[in-house]
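A.B. asks: Turn this into a model:
(one chain, ligands or ions: 1)
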Amino acid sequence: MIGKLNHVAIVVPNLEAATALYRDALGAKVSEPLSLPEHGVQVVFVELPNTKVELLHPLSDKSPVAGFLEKNPGGGIHHMCYEVDDIQVAAARMRAEGKKILGDVKIGAHGKPVIFMHPKDFLGCLIELEQK
Ligand code: CO
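C.D. replies: Residues are numbered from 1 along each chain as shown. Below is the predicted model:
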């Protein structure tokens, strides 16, 4: 069912420093910072030939990633995103498999429908499924 790895999201304590690290130390192509108030985050996209890395930083204390940063002050991998053909088919399959979907289908950071799967069902890793 899952296809390409769309992105890996890393929550970072300092977006400017994280961007410089990927750009200067790793020689990666990085975007300008983008604020996504509806998701409570500021994001920098690191463009790789085969996928993306998203550097996420909370916009406020109410951000969904603020708690993560509290528990992981140095930052860390937050989720991995896999592409699926049809989000409703994917959600139905996850339910049939007894896997816990966090919330409902929503529109993700790329304007496409996504669901998030509970880390306890997937080896400790929060998984985002995004319709391509
Ligand atoms: Co994501």
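A.B. asks: Against Ala20, how distant is Lys62?
C.D. replies: Taking C-beta to C-beta, to the nearest Å as the measure, Lys62 falls 27 Å from Ala20. The way it works is simple: take the backbone N, C-alpha and C, and place the C-beta from them, glycine included.
A.B. asks: ok, the two, which is more surrounded?
C.D. replies: Per other C-beta atoms under 10 Å, whichever of Lys62 and Ala20 has more neighbours is Ala20, with 12 against 9.
A.B. asks: now the host helix or strand of that one, how far from the centre of its chain.
C.D. replies: In this structure, Ala20 sits in helix 15-20 according to DSSP states H and E. Chain-centre distance of helix 15-20: 17 Å, with C-alpha atoms, centre = their mean, to the nearest Å.
A.B. asks: same thing with stretch 26-43?
C.D. replies: On the basis of C-alpha atoms, centre = their mean, the separation between the geometric centre of stretch 26-43 and that of its chain is 11 Å.
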